[in-house]
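Enquirer: Return atomic coordinates for the entry below.
(chains A and B)
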Number of protein chains: 2
Amino acid sequence: MKPLEGIRVLDFTHVLAGPYATMILGDLGAEVIKIERPKIGDDSRGFGPYKNGESAYFANINRDKYGIVLDLKAEEAKKIVKELVKKSDIVIENFKPGTMEKLGFSYEEFSKINPKIIYVSISGFGKTGLYKDRPGYDMIVQAFGGIMSITGPEGGPPVRVGTSVGDITAALFSAIGILSALVVRDRTGKGQFIDVAMLDCQLAILENAIMRYYIAGEIPGPLGTRHPSIVPFQAFKAKDDWIVIAVGNDNLWGKFCRAVGREELIDDPRFKTNPKRLENYKILKPIIDEIVSQKTVDEWLEIFLKAEVPSTRINTIDRTVNDPHVKARGILQKVKHPVIGDMLIPKLPIMFSETPVDIERPAPLLGEHNDKVLKELLGYTDEEIKSLKVKGVLG
Amino acid sequence: MKPLEGIRVLDFTHVLAGPYATMILGDLGAEVIKIERPKIGDDSRGFGPYKNGESAYFANINRDKYGIVLDLKAEEAKKIVKELVKKSDIVIENFKPGTMEKLGFSYEEFSKINPKIIYVSISGFGKTGLYKDRPGYDMIVQAFGGIMSITGPEGGPPVRVGTSVGDITAALFSAIGILSALVVRDRTGKGQFIDVAMLDCQLAILENAIMRYYIAGEIPGPLGTRHPSIVPFQAFKAKDDWIVIAVGNDNLWGKFCRAVGREELIDDPRFKTNPKRLENYKILKPIIDEIVSQKTVDEWLEIFLKAEVPSTRINTIDRTVNDPHVKARGILQKVKHPVIGDMLIPKLPIMFSETPVDIERPAPLLGEHNDKVLKELLGYTDEEIKSLKVKGVLG
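Expert: A predicted model of the protein is given here:
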């Protein structure tokens, strides 16, 4: 059994923030019915990499979902949507602001049909406030929300986090909202509306940056690989490549100094405690640079492993994927896609002892489950489906 | 009513991944009882910024929790823990691997006392695999998991994401796991064990990077602010500062060209479609650089806003915090801390229509709720509490 067995999700989402949220729900065992527009489908079917003409980007994020195609502007499609709403537990969308309302698919409309419905709307700036009508892009909220201003080399050009954390964190908070609303509904029998703004989520992951501004009057800037309050805790250049060393406390400082054969540094009053090392960073940094440059990454990793000093190579993706621990962990699952073939997909990173959540199905081809959903779930006849197809309602 | 009212969380966590997860549960209305060690408490009470001797770092992440102090090695403390386990729904910990087992606090032990308990263990590398005994640090998993290799300027030094996404994503997935297990328990009456590895979570947020390697044989590298598959979608240097422009599709390309007065570019065969713009990036980039350099950020923002081209300044934290939309949105809540005074704290970024989750209480002072928890929840007498204090069990 999976955690969300018996829960049905009506999925109007596209690209990343919404689809990542419904991916989580699908992996958790919910029956996700993803609705795509005719011919083109989800925009992310146009994002690379491709194989045999199919997008691996789409196939990655949309596993464990069923897919149907509907021309949502057609009256017949609206009727189908409303029949589906009656039989669903959750509705989720991340259209441009106003789109669902224009289609007649607002929470108000849907909750009239099904008062138990939980309806989640993900947008760039949220459903309230001055910018509520602006479209949301990961790039925009990363820049607007402040994370871009604290990511990058010191004094260097701005840097975007290399993965779309603006979308992905909104997806994660949406999943938390949905699951919470399910817990509530089990008690009260009532659904509700949930408004998740990508921008709000960016503020929520700033760790202590807002405190540094509001409490300490500081405007945090980018620090390369440095941690703002722990030293030494960053990447250093070894003989051949970069190595990350994470001396998280004073005990580890002792281990580090012994491991590199510089015991005299341990009790050096300039470096004895973390506050001192932070204060004297500019003196300490070149000393450690000089030490680390003497050996290769592999040599250091062996030394630090024995000395129990946390350290690692900066893995490129190929190294991460092929690492023996990652393999043993089973977090990357081989999934066979009917067109792409073998894919290696990161599972939901939650290892449940009683309700494991391996991926069950590859992503749907465009409209793959039209017949299944219309027949089995809504009781449409072959004749009716044929007529809808002729009219273009089903793409 | 809040979503998790009536749910009790026994919180053995420290620093960030664990405390961020219990922060979410506390904000959602669960009664979180955080256990800290005598005298020092959570390590993050030593992280800046400080005010009046109290850590705003700690106070930010630990709002909406109750705090008690226990010397977990003392037999009396173990007895108290077991009494608390009987009365709790969730146990969560992120100690160094093996610590809970050594204390006699494993899932096996706790589930004997309370078979309904949901027990979440957050670690750097997980409970299985070759590196399961290694401690986890955000810096280590960011470097090991690949995100560091795709974040940073092209050809530049490595860059850490400026906020601890290694910890925070593990916290978010843990919250999802816990809520899912609650849904399961409502049906089956049984708890379970959940193993969340920070490293697994880093793999899960790589978007399409694993696909680019596994499907396309590419090793993704850092791209500065560029998006790997959309052009133009990055930061450009205006006359006075950087501006982010996000031309997410061909329709927006037309709007962009008209807005900057360069209509002839719209149908230029080199730039007409996104695949073409991606292919001819090296020709297009200097053209846009030249255009954008002609005006200031403020001038461009006004033009792009009218033209409906998504764009933004790269806000520093002060600008984000003081933005009128952010203020109108109410995502930053003023919370009065008894020692620090007024704090501005990002709320849980989930706006529920029926069960809103404003922050209720500031973070606990060290041991603040010892008496409350021992008396009200466990029925200890003043005499017994006094005796425990004398023995140092309560710090």
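
Enquirer: if I pick residue A:119, what's in contact with it?
Expert: Taking C-beta atoms under 8 Å, 6 or more residues apart in numbering or on different chains, we find residue A:119 in contact with A:90, A:91, A:92, A:107, A:110, A:111, A:191, A:192, A:193, A:194. Any C-beta I mention is one placed from the backbone N, CA and C, and that applies to glycine too.

Enquirer: what about 10 Å?
Expert: Residue A:119 makes contact with A:10, A:85, A:88, A:90-93, A:100, A:105-111, A:178, A:181, A:191-195, B:353, according to C-beta atoms under 10 Å, 6 or more residues apart in numbering or on different chains.

Enquirer: Which of the residues you listed are buried, as a PyMOL select command?
Expert: A single PyMOL command selects the buried members of the contacts of residue A:119 (16 or more other C-beta atoms under 10 Å in any protein chain shown):
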select buried, chain A and resi 10+85+88+90+91+92+93+100+105+106+107+109+110+111+178+181+191+192+193+194+195
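
Enquirer: next helix or strand past the worst-scoring helix or strand of chain A on mean pLDDT?
Expert: Using mean pLDDT, DSSP states H and E, the weakest-scoring helix or strand in chain A turns out to be helix A:274-279, at a mean of 92. Using DSSP states H and E, the helix or strand that follows helix A:274-279 towards the C-terminus is helix A:281-292.

Enquirer: Report whether that following helix contacts chain B.
Expert: No - judged by C-beta under 10 Å from any C-beta of the partner chain, helix A:281-292 stays clear of chain B, getting no closer than 12.3 Å.

Enquirer: Which other helices and strands does that helix contact?
Expert: strand A:233-237, strand A:242-246, helix A:250-259, helix A:274-279 (3 or more C-beta pairs under 10 Å, 6 or more residues apart in numbering or on different chains; DSSP states H and E).

Enquirer: ok, of these, where does mean pLDDT dip lowest?
Expert: Mean pLDDT is lowest for helix A:274-279 out of those, coming in at a mean of 92.

Enquirer: mind listing what's buried in it?
Expert: A:274, A:276, A:277, A:278.

Enquirer: closest to chain B among these?
Expert: Nearest to chain B among these: residue A:274, at 8.0 Å, using C-beta to the nearest C-beta.

Enquirer: centroid residue for chain A?
Expert: Nearest residue to the geometric centre of chain A (C-alpha atoms, centre = their mean): residue A:168, 2.8 Å.

Enquirer: before we move on, what SS does that one have?
Expert: Here residue A:168 is recorded as helix under DSSP: H, G, I helix; E, B strand; the rest coil.

Enquirer: For chain A, give me the ranges with low pLDDT.
Expert: Of all residues in chain A, none has pLDDT under 70.

Enquirer: Quickly list the domain ranges of it.
Expert: Domain assignment for chain A by automatic domain parsing gives A:8-205+A:329-390, A:233-319.

Enquirer: Among the ones you listed, show me which one is buried the most.
Expert: domain A:8-205+A:329-390 (a mean of 21; mean count of other C-beta atoms under 10 Å in any protein chain shown).

Enquirer: got the end-to-end distance for that domain?
Expert: One end of domain A:8-205+A:329-390 sits 28 Å from the other (C-alpha to C-alpha, to the nearest Å).

Enquirer: do stretch A:19-33 as well
Expert: For stretch A:19-33, the end-to-end distance is 11 Å (C-alpha to C-alpha).

Enquirer: what's the answer for stretch A:251-267, then?
Expert: End-to-end distance for stretch A:251-267, by C-alpha to C-alpha: 12 Å.

Enquirer: so which of the domains of chain A gets nearest residue B:15?
Expert: Residue B:15 lies closest to domain A:233-319 among these, at 8.9 Å (C-beta to C-beta).

Enquirer: Without its sequence neighbours, what residue ends up closest to residue A:316?
Expert: Counting by C-beta to C-beta, 6 or more residues apart in numbering or on different chains, residue B:149 is the residue found nearest to residue A:316 once chain neighbours are left out, at 4.6 Å.

Enquirer: what does residue A:249 give?
Expert: Using C-beta to C-beta, 6+ apart, the closest residue to residue A:249 is residue A:274 (7.0 Å).
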